[in-house]
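1. what's the 3D shape of this:
(one chain, ligands or ions: 1)
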Amino acid sequence: MSTSETSRPSAGAANNDDGKEDPSFVRWRETLSSFLTPRPLTAHETAAKEAKNIEAATQQEERENARCERWKKKLLQSSPMVKFMMDNLEKAGCPFREDHFRCTPCEVTRAGGFAPDYGIILCQNSFLSKKHMEDTMTHELIHAYDQCTTKVDWNNCEHYACSAIRAASLSGDCKFTRELRRGFFSVAKHHQACVKRRAIAELKQLPQCQEERVAEDAVRVVWDSCFKDTAPFDEIP
Ligand SMILES: [Zn+2]
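-> Below is the predicted model of the structure:
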C-alpha cells in the first residue's frame, strides 16, 4: 500500500483506520437524521393540523366558487358561443337561465355535467382558465339543446354518443387543432380524431356504457349522422 493511498479519505470520510466509524460522525449523523425525520405529532398537534387543513380547504373552496360565479356572469354577458347557445335554447322553447348553471366542487376528472331535470353543473375546482370554462358551458349547453330538440334517452349509449359527439365537436373542446391549420393538411382528421376520443371517454363514464367496446361501438354507429349535425350552428364553429 502506498503512502498516497492511506492518506486519501475513504468513502465515508468517517472511518478510522481500523474500519470502525468515528463516534463523533455517528453522533452528528444521528442529530441530522432527527432533523430530517419528523417526530410523530401529539394528538393535540394532529387535531390542530387537521383544523388548519379544513380551514384552508374551505377557504380554497370559497375562492374557487367566487371565481366560478364571476366567470359565469362574465361569460353569459360576453361569450359569443355561450350567448349563441342561450339564444337558440330560447328559440327552441327551452329558455336557460343563469341559475340553471351551478358552480360546485367535483371530482377533478370532470369539468361539468348536464342533468336534464337540474341544469348544468360547473366544476369550480376544475377550470384551468376562463376559456376552459367557456368551452365547458358551451359543451353542456349543446347537451341541453339536444335534450330540448330531440327525444334523448340518456341511458341509451347510442343516444348519449350522438350528443357527446356534437358537444365535443361544436364546443371548442377540440379547437386546439385549429391552431395546427397552418402546419398540417389533415386538420379535419385531427378534429375528428379528437371528437371521437372525447366522445368515447365521456361515454365510458356511464356505468351502462363501460363494457368492452360498448362506447366505441356506439360512437361508430351514430358517427356519420351526428358528426355532420351541427345544429344550431351552420357549420362547426
Ligand atoms: Zn358531455
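
2. Just the buried positions in the helix ranked longest in the chain, please.
-> Ranked by number of residues, the top helix in the chain under DSSP state H is helix 43-78. For helix 43-78, the neighbour count (16 or more other C-beta atoms under 10 Å) marks 64-65, 67-69, 71-72, 75-76 as buried. All C-beta atoms are positioned from the backbone trio N, CA, C, and that covers glycine.

3. Just after it, pick out the following helix or strand.
-> Sequence order places helix 80-91 as the next helix or strand after helix 43-78, per DSSP states H and E.

4. CA atoms only for that following helix, dumped as CSV, please.
-> Only the C-alpha atoms of helix 80-91 are listed here, as CSV (Å, rounded to 0.1, in the frame of the first residue of the first chain):
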residue,chain,number,x,y,z
PRO,A,80,-70.4,34.8,-28.3
MET,A,81,-70.6,30.9,-28.1
VAL,A,82,-72.5,30.9,-24.8
LYS,A,83,-74.8,33.7,-25.9
PHE,A,84,-75.5,31.9,-29.2
MET,A,85,-76.4,28.7,-27.4
MET,A,86,-78.6,30.5,-24.9
ASP,A,87,-80.4,32.4,-27.7
ASN,A,88,-81.0,29.1,-29.6
LEU,A,89,-82.3,27.3,-26.5
GLU,A,90,-84.8,30.1,-26.0
LYS,A,91,-85.8,29.9,-29.7
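
5. Now do the same for whatever residue of the chain ends up closest to the ion: its pLDDT.
-> Nearest to the ion in the chain, going by C-beta to the ion, is residue 167, at a distance of 4.5 Å. At residue 167, the model reports a pLDDT of 97.

6. hang on, isn't residue 160 packed against residue 150?
-> No: Residue 160 is beyond contact range of residue 150, at 11.9 Å (criterion: C-beta atoms under 8 Å).

7. that older thread, mind checking how far the helix or strand harbouring the residue of the chain closest to the ion is from the chain centre?
-> Assigned by DSSP H and E, residue 167 belongs to helix 157-170. The chain centre lies 19 Å from the centre of helix 157-170; the measure is C-alpha atoms, centre = their mean, to the nearest Å.

8. Check which helices and strands it sits against.
-> In this structure, helix 157-170 packs against helix 130-149, helix 187-203, helix 214-227, with contacts taken as 3 or more C-beta pairs under 8 Å, 6 or more residues apart in numbering; DSSP states H and E.

9. Next, format these as CSV and append distance to the ion, mean neighbour count and mean pLDDT.
-> Below are the helices and strands packed on helix 157-170 laid out as CSV (distance: least, C-beta to the ion, whole Å; neighbours: other C-beta atoms under 10 Å; pLDDT from 0 to 100):
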stretch, distance to the ion, mean neighbour count, mean pLDDT
helix 130-149, 5, 22, 96
helix 187-203, 5, 18, 88
helix 214-227, 13, 18, 98
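
10. now those in a markdown table, with distance to residue 47?
-> Converted to a markdown table, the helices and strands packed on helix 157-170 look like this (distance: least, C-beta to C-beta, whole Å):
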| stretch | distance to residue 47 |
| --- | --- |
| helix 130-149 | 37 |
| helix 187-203 | 41 |
| helix 214-227 | 46 |
